[in-house]
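J.: Got a predicted structure here, sequence first:
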Amino acid sequence: MDVSLVTCTPEPEITIALAARTCYSKKPPREITLEKARQLIRELLCRGHESILEHASFTFRIEGISRVASHQLVRHRLASYAQQSQRYVSLQEADFVYPPVLEGNPQAKGLCQELVQHCKEVYGKLLSLGIPKEDARYIIPQGMATNLVFTANARELLHVFRLRLCNRAQWEIRELCFKMLTIVQEKAPAIFESAGPPCVDGVCPEGEKSCGQPWKKIGE
């Protein structure tokens, strides 16, 4: 998969800090240094005042994830999405996302590749028979790759990271969120420096379903 930042609120940490200062200033504040902005943001986060983070948003271009992963992502409703349409874009040459676990099982991967190829062939035959793309797509597996643009404010991103970076989250959505986290940590470190699953701050709330392990970043 490929993840890149299309755009974001200019100087997101400055924007958030000025918005926060507006709450207790007689006149709207006009400027603040980056150092003081980051100090204020850290104080606000420690107090649980996260609503102020909604004043900064980030837009990502996401390429080559499966429909399995995109279905998980779009469940986060406080965000905006524009996704490649299977009604208008032909899937005959589309890529397929194979789970890494198949790499250690050649027989299993061979079975999947055979099925994917067969589905593509049937899809193409349906199109040649005059079946519209919106109906022919019904036989396409969920692992077919898709592209989308995703926009969310900083508060919602923290929520997404809290859920989807958990060790128990599915591997592809974890990888996607880790790539986004790496990008926004560089853009706004004070906001995202402590981002991650609940166990980063304390005890895992999953109880008996907990993995029982400390949080591990991708690649560790």
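T.: Yep, it's here.

J.: where does this structure dip in pLDDT?
T.: Counting by pLDDT under 70, the chain shows low-confidence ranges at 208, 217-220.

J.: quick one, what contacts the residue nearest the centre of it?
T.: Centroid-nearest residue in the chain, with C-alpha atoms, centre = their mean: residue 177, separated by 4.3 Å. Contact analysis of residue 177 by C-beta atoms under 8 Å, 6 or more residues apart in numbering lists 160-161, 164-165, 169. All C-beta spots, glycine's among them, are computed from the backbone N, C-alpha and C.

J.: Mark which of these are part of helices, please.
T.: 160-161, 164 (DSSP state H).

J.: what about the residue nearest to the residue nearest to the centre of the chain when sequence neighbours are not counted, distance to residue 214?
T.: In space, residue 177 comes closest to residue 164 once its chain neighbours are excluded; the distance is 4.4 Å by C-beta to C-beta, 6 or more residues apart in numbering. As judged by C-beta to C-beta, to the nearest Å, residue 164 and residue 214 stand 17 Å apart.

J.: Could you do residue 165 as well?
T.: Distance from residue 165 to residue 214, by C-beta to C-beta: 13 Å.

J.: ok, now residue 8?
T.: Counting by C-beta to C-beta, the gap from residue 8 to residue 214 is 30 Å.

J.: same deal with residue 151?
T.: In terms of C-beta to C-beta, residue 151 sits 32 Å off from residue 214.

J.: Looking at those two, which is more packed in?
T.: residue 151 (16 against 10; other C-beta atoms under 10 Å).

J.: For that one, which three-state class applies?
T.: strand (DSSP: H, G, I helix; E, B strand; the rest coil).

J.: for the closest residue to residue 156 other than its chain neighbours, what are its contacts?
T.: Take residue 156 and drop its neighbours on the chain: the residue closest to it by C-beta to C-beta, 6+ apart is residue 78, 4.6 Å away. The contact partners of residue 78, taken as C-beta under 8 Å, 6+ apart, are 152-153, 156, 159.

J.: sec struct for residue 78, please.
T.: coil.

J.: What are the contacting residues of the strand or helix carrying residue 124?
T.: Per DSSP states H and E: residue 124 is located in helix 106-128. If you take C-beta under 8 Å, 6+ apart as the criterion, helix 106-128 is touched by 90-92, 96, 98, 102-103, 133, 135-137, 139-141, 143.

J.: Widest-spaced pair of those?
T.: Spanning the widest gap among the contacts of helix 106-128 are 103 and 135, at 33.8 Å by C-beta to C-beta.

J.: in this protein, which spans are strands?
T.: Secondary structure of the chain (DSSP state E): strands at 2-8, 57-66, 80-83, 145-153.

J.: The first one packs against which elements?
T.: Using 3 or more C-beta pairs under 8 Å, 6 or more residues apart in numbering; DSSP states H and E as the contact test, the elements touching strand 2-8 are strand 57-66, helix 171-187.

J.: got it, and the shortest one?
T.: Secondary-structure packing of strand 80-83 (3+ C-beta pairs under 8 Å, 6+ apart): strand 145-153.

J.: related to what we said a few turns ago, reformat the contacts of residue 78 as TSV; add distance to residue 113 and neighbour count.
T.: Formatted as TSV, these follow (distance: C-beta to C-beta, whole Å; neighbours: other C-beta atoms under 10 Å):
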residue	distance to residue 113	neighbour count
152	35	22
153	40	19
156	37	19
159	37	17
